[in-house]
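K.L.:
What follows is a predicted protein model with its sequence.
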Amino acid sequence: MIKLFNSATRQIEPFIPIHGNKVGLYACGPTVYNYAHIGNMRAYLFEDTLQRTLRHCGYDVTFVMNITDVGHLQSDADEGDDKMALAAKREQKSPWDIARFYEEAFFRHTKMLNIQRPDIVARATEHIPEMIAMVKTLQDKGYAYESEGNVYFDVAKFPDYAAFARLKMNDQQATGRVEFDSRKQNQADFALWFSQSKFPNQIMKWDSPWGEGFPGWHIECSAMASKYLGEHIDIHCGGIDHIPVHHTNEIAQAECCFDHKWVNVWMHGAFLTVDDGKMSKSKGDFLTVDKLRADGFHPLAYRYFILSAHYRNELRFDYDILTAAQKAYQGLYEKVQEWQVAPEAPTNSPATQSYADEFWAALREDLHTPTALTVVWKVVKDETLSTGDKLALLTEFDTLLGLRLTPEVIPLSSAEETLITERGQARTDKNWAESDRLRDLLLKEHNIQVKDTARGMIWVRVLPPIEGES
RNA sequence: GGCGCGAUGGCAGAAUGGUGAUGCAGAGGACUGCAAAUCCUCCAAUGCCGGUUCGAUUCCGGCUCGUGCCUCCA
């Protein structure tokens, strides 16, 4: 039995799938008009942990993620510029080229972080008919109205609109940051379809019953989720920022469309923050996985860092903190390699089972990855276990952690072998300067740490190779 | 203004109604030609004020401070 925190009830609840052992899981994916930053990646890491935990517990998971490749407006007030069009202009490419480029970058980054690809990746631009059908249903049922060529959802028709985010509608816009829109009957109404593009050369547009245009930005997730997972889905995830607007609107349109409850469990990941607050694409200067690489950090060290905190707690990021995480991760990785050289026989000690139980219990308790990592370190330190026991346990744990702790041992290249041999010879010759130079070279250039132990010299690779890097 | 979240050792970050993990850093020691490699030991924390309780870091209330959302954003 897994327990998960449900944002809808704000409680930790036992998770019970709708259909036996099948689980429909939907996650709001990236908007591909720019690179995803490492704060975005935290959300996808959380969802990856969730999906791995569910699968470990024997559920038959169908994991769907959308790619928002339609140019949405910058503002939920339905004002502002089209992000995709802006990026296209900036980079002198078509919106489709932009979308495809950043989608590829996204999956390259997730691969480096060892985030498993969802079972179904759904592009918004490839599901316009499904969205139009949903908007039409809403209009036919009287939940939506047309105004000056656009179609809006009528919030007044859905009495529970404010319930999910516990909004107080009258106090929502006190800051006055949202501009008044005369086309709306109620200022909280949101667009389902735009036919009146204010961009003279709007490129991304499709025919619809309301004229040529493009979908509102909330409809895609509801339309695609229901297409692949049915009208009643188990879990829907996203970033915590989605609660008041995006998910609130999704619930409204989906439940009005289907006439019943839509999602059983809503899960939201907390933000990664930096010194001056939340990391944000709109600030322009943000950190990507590539940037971490360039600054000497392994993507999986970032993964380790994220696992060290609970997904619902805000987490602060800076390079000192990441450095500490990378050292810890590196130490773990090296340890496992040392065991792999010549593992001792398993002891069948009952302790191994109790560690495994403790590890998985932590995950089943609303994905407590920090506690799971603590179990990892307890295993590492436990002197009653043989290295064979430890190897078996960490191999099992790594199916969840995804830290590539027990990769195939990568053989030395001939160049590396030569360096190590030469270093051994220099050492035999007591030519310490040369031997230290070669040791340093192996570490810096080949990521190989040479260690002199009582049993002689051994070597380990410092960090695993990076997946998806050319 | 509304809706949230948080405050634990030097840093990060768990847990818990009855003396609080883990990692990094730091100190000391062992080993080593040396070592950022290995091993051992140690250091050190629950924001403030009340309440409930035999007992609170944990529950409740207030305060202070920090932070997120209410425009796109994970």
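P.N.:
Arrived safely.
K.L.:
measure stretch A:305-312 end to end?
P.N.:
Using CA to CA, to the nearest Å, the end-to-end distance of stretch A:305-312 comes to 14 Å.
K.L.:
Report the buried residues of that stretch.
P.N.:
Neighbour-count burial for stretch A:305-312, with 16 or more other CB atoms under 10 Å as criterion, is recorded at A:Phe305, A:Ile306, A:Leu307, A:Ser308, A:Ala309, A:His310, A:Tyr311. For every residue, glycine as well, the C-beta is placed using N, CA and C.
K.L.:
Please narrow these to those residing in strands.
P.N.:
Using DSSP state E, no member of those sits in strands.
K.L.:
how about stretch A:211-225, does it reach RNA strand B?
P.N.:
Yes: applying CB under 7 Å from any atom of the strand, one finds that stretch A:211-225 is in contact with RNA strand B at A:Trp217.
K.L.:
you'd agree A:Thr323 is in a helix?
P.N.:
Yes: using DSSP: H, G, I helix; E, B strand; the rest coil, the assignment for A:Thr323 is a helix.
K.L.:
Of the buried residues of stretch A:305-312, which ones also sit close to RNA strand B?
P.N.:
A:Ser308, A:Ala309, A:His310.
K.L.:
could you dump those residues to TSV with pLDDT?
P.N.:
Compiled in TSV, these are given as follows (pLDDT from 0 to 100):
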residue	pLDDT
A:Ser308	92
A:Ala309	91
A:His310	92
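K.L.:
any idea which of these is closest to A:Arg42?
P.N.:
For these, the minimum distance to A:Arg42 (CB to CB) is 9.1 Å, reached by A:Ala309.
K.L.:
Burial check on the spatially closest residue to A:Asp189 that is not a sequence neighbour, number of neighbours?
P.N.:
Closest residue to A:Asp189 apart from its sequence neighbours, by CB to CB, 6 or more residues apart in numbering: A:Tyr152 at 4.4 Å. For A:Tyr152, the neighbour count with other CB atoms under 10 Å is 25.
K.L.:
For A:Tyr152, what is the enclosing helix or strand?
P.N.:
strand A:150-153 (DSSP states H and E).
K.L.:
What strand or helix carries whichever residue of the stretch 301-450 of chain A sits closest to RNA strand B?
P.N.:
Closest approach between the stretch 301-450 of chain A and RNA strand B, counting by CB to the nearest atom of the strand: A:Ala328, at 2.6 Å. A:Ala328 is part of helix A:319-341 when elements are defined by DSSP H and E.
K.L.:
Strands of the stretch 51-200 of chain A, residue ranges please.
P.N.:
In the stretch 51-200 of chain A, the segments counted as strands under DSSP state E, counting those that start in this stretch are A:60-67, A:120-123, A:144-147, A:150-153, A:190-194.
K.L.:
Can you read off the backbone torsions of the one residue in chain A that gets nearest to RNA strand B?
P.N.:
The nearest approach of chain A to RNA strand B comes at A:Gly239, 1.2 Å away (CB to the nearest atom of the strand). Torsion angles at A:Gly239 (phi, psi; degrees, to the nearest 10) stand at phi -80, psi 160.
K.L.:
State the distance from it to A:Glu47.
P.N.:
Per CB to CB, to the nearest Å, A:Gly239 is found 10 Å from A:Glu47.
K.L.:
who in the stretch 201-350 of chain A is up against RNA strand B?
P.N.:
Counting by CB under 7 Å from any atom of the strand, the residues of the stretch 201-350 of chain A near RNA strand B are A:217, A:238-246, A:268-273, A:277-282, A:308-310, A:313-316, A:320-321, A:323-325, A:327-328, A:331, A:334-335.
K.L.:
Going by neighbour count, which of these are buried?
P.N.:
Neighbour-count burial (16+ other CB under 10 Å) applied to those gives A:217, A:238-240, A:242-246, A:268-272, A:279, A:308-310, A:315, A:325, A:328, A:335.
K.L.:
Sort out for me which of those are in helices.
P.N.:
Those of those mapping onto helices are A:Ala325, A:Ala328, A:Lys335, per DSSP state H.
K.L.:
Tell me where the stretch 301-450 of chain A has helices.
P.N.:
For the stretch 301-450 of chain A, the helices defined by DSSP state H, counting those that start in this stretch cover A:319-341, A:350-364, A:369-381, A:387-401, A:414-428, A:432-446.
K.L.:
about what we covered before: other SSEs contacting the helix holding A:Ala328?
P.N.:
Secondary-structure packing of helix A:319-341 (3 or more CB pairs under 8 Å, 6 or more residues apart in numbering; DSSP states H and E): helix A:299-307, helix A:369-381, helix A:387-401, strand A:456-461.
K.L.:
run the last query once more with 10 Å
P.N.:
helix A:289-294, helix A:299-307, helix A:369-381, helix A:387-401, strand A:448-453, strand A:456-461 (3 or more CB pairs under 10 Å, 6 or more residues apart in numbering; DSSP states H and E).
K.L.:
Just send those back as a markdown table, with distance to A:Asp429 too.
P.N.:
Listed next are the helices and strands packed on helix A:319-341 as a markdown table, based on distance: least, CB to CB, whole Å:
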| stretch | distance to A:Asp429 |
| --- | --- |
| helix A:289-294 | 38 |
| helix A:299-307 | 37 |
| helix A:369-381 | 36 |
| helix A:387-401 | 33 |
| strand A:448-453 | 15 |
| strand A:456-461 | 14 |
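K.L.:
Any idea how far apart the tips of stretch A:337-350 sit?
P.N.:
Using CA to CA, the two ends of stretch A:337-350 sit 24 Å apart.
K.L.:
Buried ones in it, by neighbour count?
P.N.:
In stretch A:337-350, counting by 16+ other CB under 10 Å, buried: A:Gln337, A:Trp339, A:Gln340, A:Pro346.
K.L.:
do the same with stretch A:441-460
P.N.:
Buried, per 16+ other CB under 10 Å, within stretch A:441-460: A:Leu442, A:His446, A:Asn447, A:Ile448, A:Gln449, A:Val450, A:Trp459, A:Val460.
K.L.:
Give me the mean pLDDT for that stretch.
P.N.:
With pLDDT averaged residue by residue, stretch A:441-460 scores 82.
K.L.:
near RNA strand B, anything from that stretch?
P.N.:
Yes: under the criterion of CB under 7 Å from any atom of the strand, RNA strand B is reached by stretch A:441-460 at A:Gln449, A:Val450, A:Lys451, A:Asp452, A:Thr453, A:Ala454.
K.L.:
returning to what we had before: tell me the one of the ones in helices among the buried ones among the residues of the stretch 201-350 of chain A next to RNA strand B nearest A:Leu394?
P.N.:
Of those, the one sitting nearest to A:Leu394 (CB to CB) turns out to be A:Lys335, at 8.8 Å.
K.L.:
which regions of the stretch 151-300 of chain A sit below the pLDDT cut-off?
P.N.:
Low-confidence regions of the stretch 151-300 of chain A, defined by pLDDT under 70, span residues A:170-180, A:197-202, A:276-285.
K.L.:
hey, where'd the helices end up in it?
P.N.:
Under the criterion DSSP H, counting those that start in this stretch, the stretch 151-300 of chain A contains helices at A:219-229, A:248-258, A:289-294, A:299-307.
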